[in-house]
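Participant: model the structure of this input:
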Amino acid sequence: FHTCAYNAGALKALAGVTVDELALEALFDTARAQPAEAASALRADLEGAVQGLESVNQPELDRSLRLKLALDDLRGRGGYDAFAIRCWPETFTEYGGAVCGPAALMGEARVPCACEADVYGALTQLVLKEAAGAPVFLTDLVDVDADDDTAVVWHCGQAPMSMRDPDAPVEATIHTNRRQPLLLQFPLRPGRVTLMRISQARGQAQMVLAGARMLKRPMAFTGTSGVLRFDRPAGEVLERLVASGLEHHMALAYGDHRAPLREAAGAMNLPLLEL
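Facilitator: Sure thing, here's the model as predicted:
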């Protein structure tokens, strides 16, 4: 996606981070080389937490779980704090298993794993994770209902499991259009949330920040999703979003972390847009 393009020099100047570019085939080769017993052990660890693992395609599930092991391997060898992965179509068409579920597991372990090669999204997750001291979910804002004063956040199945509504199970599922596992499925739990994005829309770096409350509502879409109510009226938030040209991903964490994020914006010399 064009909105996920980045300039390594600008990122270094902005946040002091460096980016290593690795070929996707290196990730796939590392995944294929993982021991079968390690993949089996990871599956066994998930059995008690995720329903329906047996109902998805088993070779594809094995390949998906191996991606989690490969990311751990690469992180150990490279000392990486976060990942941004070009996840589709190649993880499906060239490798044969989804990285969405592994991204959820990495996020639960507080290692941000941004999909769609969203490097600024990975940086956003890192900053929000430090402010929140908790796992972070990189999500799309997919619906705004001004009449109901709500919005829906969603992604195909990569929210950390600790974010699930305790009244709902975590289910194993498949990608909505590529039809391969492993993705997670559950509604997000009610509670206070913070949304943030370090944006480069229109060539200008800025921090976009919002407070909201996740509501207890039925699951809006397959995968991982939640219905929230912003602190400002939804119609106003939508107008600000459209005017800003914000990229399609924002990071979400539970709790109100706007005060430390405002300080972070100041330390990074970032203009601040509060939705």
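Participant: the helix or strand where Pro102 lies: what's the following helix or strand?
Facilitator: Per DSSP states H and E: Pro102 is located in helix 100-108. Going down the chain from helix 100-108, the next helix or strand is strand 113-114, by DSSP H and E.
Participant: so what strands line up beside that following strand?
Facilitator: Its sheet considered, strand 113-114 pairs with strand 83-84 (parallel) by DSSP bridges.
Participant: just give me how far the strand it pairs with sits from the chain centre.
Facilitator: Mean-position distance between strand 83-84 and its chain equals 10 Å (CA atoms, centre = their mean, to the nearest Å).
Participant: for it, give me every contacting residue.
Facilitator: Under the contact criterion CB atoms under 8 Å, 6 or more residues apart in numbering, strand 83-84 has outside partners 4, 71, 74-75, 106, 111-115, 117-119, 121-122. For glycine as for every other residue, the C-beta is placed from the backbone atoms N, C-alpha and C.
Participant: could you do stretch 230-247 as well?
Facilitator: So stretch 230-247 is in contact with 3-4, 118, 120-121, 141, 144-146, 148-151, 197, 199-202, 208, 210-212, 273, 275, going by CB under 8 Å, 6+ apart.
Participant: ok, stretch 70-79 next?
Facilitator: So stretch 70-79 is contacted by 20, 22, 26-28, 30-31, 34, 80, 83, 102, 106, 111, 113 (CB under 8 Å, 6+ apart).
Participant: dump stretch 97-111 to PDB, restricted to CA.
Facilitator: The C-alpha trace of stretch 97-111 is given here as PDB (Å, rounded to 0.1, in the frame of the first residue of the first chain):
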ATOM      1  CA  GLY A  97      -0.200 -19.800   5.600                       C
ATOM      2  CA  ALA A  98      -1.400 -16.700   7.300                       C
ATOM      3  CA  VAL A  99       0.800 -14.500   9.400                       C
ATOM      4  CA  CYS A 100      -2.200 -12.800  11.100                       C
ATOM      5  CA  GLY A 101      -2.400 -15.300  14.000                       C
ATOM      6  CA  PRO A 102       1.400 -15.200  14.600                       C
ATOM      7  CA  ALA A 103       1.200 -11.400  14.600                       C
ATOM      8  CA  ALA A 104      -1.400 -11.600  17.400                       C
ATOM      9  CA  LEU A 105       0.800 -13.900  19.400                       C
ATOM     10  CA  MET A 106       3.800 -11.600  18.800                       C
ATOM     11  CA  GLY A 107       1.700  -8.600  20.000                       C
ATOM     12  CA  GLU A 108       0.600 -10.500  23.100                       C
ATOM     13  CA  ALA A 109       4.300 -10.900  23.800                       C
ATOM     14  CA  ARG A 110       4.700  -7.200  23.400                       C
ATOM     15  CA  VAL A 111       6.700  -7.500  20.100                       C
END
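Participant: quick one: buried residues of it?
Facilitator: Buried residues in stretch 97-111, counted by 16 or more other CB atoms under 10 Å: 97-107, 110-111.
Participant: one step back: highest neighbour count among the contacts of strand 83-84?
Facilitator: Ala122 (30 neighbours; other CB atoms under 10 Å).
Participant: picking up where we left off before, quick one: the buried residues of stretch 97-111 as CSV, columns for pLDDT and distance to Gly245 too.
Facilitator: Listed next are the buried residues of stretch 97-111 as CSV, based on pLDDT from 0 to 100; distance: CB to CB, whole Å:
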residue, pLDDT, distance to Gly245
Gly97, 98, 34
Ala98, 97, 30
Val99, 97, 28
Cys100, 97, 26
Gly101, 98, 31
Pro102, 98, 31
Ala103, 98, 26
Ala104, 98, 28
Leu105, 98, 32
Met106, 98, 29
Gly107, 98, 26
Arg110, 98, 30
Val111, 98, 29
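Participant: and which of the residues you listed is nearest Arg66?
Facilitator: Nearest to Arg66 among the buried residues of stretch 97-111, counting by CB to CB, is Gly97 at 7.3 Å.
Participant: which ones are touching the closest residue to the closest one other than its chain neighbours?
Facilitator: Counting by CB to CB, 6 or more residues apart in numbering, Gly97 lies nearest to Arg63, which is 3.2 Å off, once chain neighbours are set aside. Contact partners of Arg63, counting by CB under 8 Å, 6+ apart, are Ala31, Tyr95, Gly96, Gly97.
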